[in-house]
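Undergrad: okay, sequence plus prediction incoming.
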Amino acid sequence: MLGRLCRRLSAPVLAAALFGACSPTRAPAPVPPAPAVQALAGAVVDGMQRRGQPVGFVLRYTMATDPDHQLGRPGSYVSRADFSDTRLVPGGKGAPSREDASGSVEVYATVAEAQSRYAFFQAFEKDDKLIHERAILEGAVLLRLSQKLSGPQVDGYDAALKTVLGLPAG
């Protein structure tokens, strides 16, 4: 169901981004994604939680609350949600700070945009001093996880993400 919603909502998001990119006089302004599109990342996190992942607090961003000010910008994500993993955050229910968030889901308008962001993380993932997270890419969805999670814990999130997106496990 989430996959069908993503496919239906991608065309309007792309059209709005392309229309805004045609202005010859200035850089395109962020295009506010439709509320249903903004909710996609949160729906993915909720789905992973329903499939047994120990998700505590979930923070769903809007253009006004996105700390990186990337939501709706051309080439960036159209939806983002951060979450805490109850195994890493004491109590697991408090709002994750940027430093303490156990994971983040970013949804992009296109697979190519998600692949570009994934490549950025892959380039730095080898140097633990620069970026302290792991990235998993499934289509236009990028799952970013804390390196504090063990290999089997990351595998659990990866399997849950695939199930939420209706993809085969493995």
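TA: Happy to help now that I have it.
Undergrad: quick check: which ranges of the chain have low pLDDT?
TA: 1-36, 38, 90-100, 125-132, 170 (pLDDT under 70).
Undergrad: where exactly do the strands run in it?
TA: Counting by DSSP state E, the chain has strands at residues 55-60, 77-85, 103-108, 133-138, 141-146.
Undergrad: kindly reformat the ones you listed as CSV containing mean neighbour count.
TA: C-beta: built from backbone N, CA, C; applies to glycine. Listed next are those as CSV, based on neighbours: other C-beta atoms under 10 Å:
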stretch, mean neighbour count
strand 55-60, 20
strand 77-85, 27
strand 103-108, 27
strand 133-138, 19
strand 141-146, 22
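Undergrad: could the ones you listed go into JSON lines alongside distance to residue 40?
TA: Listed next are those as JSON lines, based on distance: least, C-beta to C-beta, whole Å:
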{"stretch": "strand 55-60", "distance to residue 40": "10"}
{"stretch": "strand 77-85", "distance to residue 40": "4"}
{"stretch": "strand 103-108", "distance to residue 40": "5"}
{"stretch": "strand 133-138", "distance to residue 40": "13"}
{"stretch": "strand 141-146", "distance to residue 40": "8"}
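Undergrad: and the ones you listed: which comes nearest residue 166?
TA: strand 133-138 (10.2 Å; C-beta to C-beta).
Undergrad: adjacent strands (with direction) for the closest one?
TA: strand 141-146 (antiparallel) (DSSP bridges).
Undergrad: what is the orientation angle of the strand it pairs with with strand 77-85?
TA: 30 degrees (axes from the mean of the first three to the mean of the last three C-alpha atoms, to 10 degrees).
Undergrad: show me what stretch 136-153 is in contact with.
TA: 6, 10, 44, 77, 85, 87-88, 101-111, 113-115, 117-118, 121, 128, 132-135, 154, 157-158, 161-162, 165, 167 (C-beta atoms under 8 Å, 6 or more residues apart in numbering).
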